[in-house]
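Undergrad: sequence first, then the predicted structure:
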Amino acid sequence: MEKSENDSVEDKIDQGHSENVNEQKPDNSSTNKDEDRWEDKLNEAYGKQDDLQNKYLRVHADLENLKKRAIREREDAVQRTRSQLIGDLLPIIDAFQMGLSEASKYDVAKQFTDGFEMAIKQLENILGEYGLVVIDPINNEFDPSQHEAISHEFNDEIKDGNVVKTIRCGYKLGNKLLRPASVILAKTNTNEI
């Protein structure tokens, strides 16, 4: 019995020792699984980062486009308002100029016409600061994009087709034509009139 007890103790020791040996041996399959799992998580994180970065770049570009569009729309609204307001003032400027033209025929009204002339010049200068350009093409070549011919007049001193007289000044606001100048054109041959 002693032998059997010793055998059983030795068996137990051998068995425990083999278990310890098994525990100490690294299991390559579980280590590879852990590495693969971490690598998958890392790749997934990088993929999410790339997606988030792409979304950020798209949102940033959309925001920049929105800012540019808002600035452009605000500038267009200012330009439309300015154009509307100045367009509404043009008949008033015409009335002042016609009144000044008629009043300047009388010497008695000289003091008044000088004052009105200064006021009209000041108004034109202020509107000029906002981009208003007066079109008064006397002695210049006729330009159908800026002038409106209302009549012809015989004149040997001015080249045929050039502007002899401006009936009503035209106006541009920047590059936009608000109103064409109404003009009379020169004709050198009276038979063609």
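TA: Nice, I can see it.
Undergrad: list the residues that contact residue 181.
TA: Counting by CB atoms under 8 Å, 6 or more residues apart in numbering, residue 181 makes contact with 135-137, 146-148, 163, 166, 168-170. Where you see a C-beta, it was placed from the backbone N, CA and C, and this is true even at glycine.
Undergrad: between these, which is nearest residue 38?
TA: residue 146 (75.5 Å; CB to CB).
Undergrad: and the residue nearest the centre of the chain, what helix or strand is that in?
TA: Centroid check for the chain by CA atoms, centre = their mean gives residue 72 as the closest residue, at 3.3 Å. Counting by DSSP states H and E, the element that carries residue 72 is helix 28-103.
Undergrad: can you pull the phi and psi angles for residue 161?
TA: phi 90, psi -10 (degrees, to the nearest 10).
Undergrad: how close does the residue lying closest to it once chain neighbours are set aside sit to residue 159?
TA: Nearest non-adjacent residue to residue 161, counting by CB to CB, 6 or more residues apart in numbering: residue 142, 5.5 Å away. Taking CB to CB, to the nearest Å as the measure, residue 142 falls 10 Å from residue 159.
Undergrad: before we move on, what about residue 180?
TA: Residue 180 is 21 Å from residue 159, by CB to CB.
Undergrad: circling back to that earlier point, pLDDT of the helix holding residue 72, averaged?
TA: Helix 28-103 carries an average pLDDT of 89.
Undergrad: who does it touch, helix- and strand-wise?
TA: Helix 28-103 sits against helix 110-129, strand 170-173, strand 176-179, with contacts defined as 3 or more CB pairs under 8 Å, 6 or more residues apart in numbering; DSSP states H and E.
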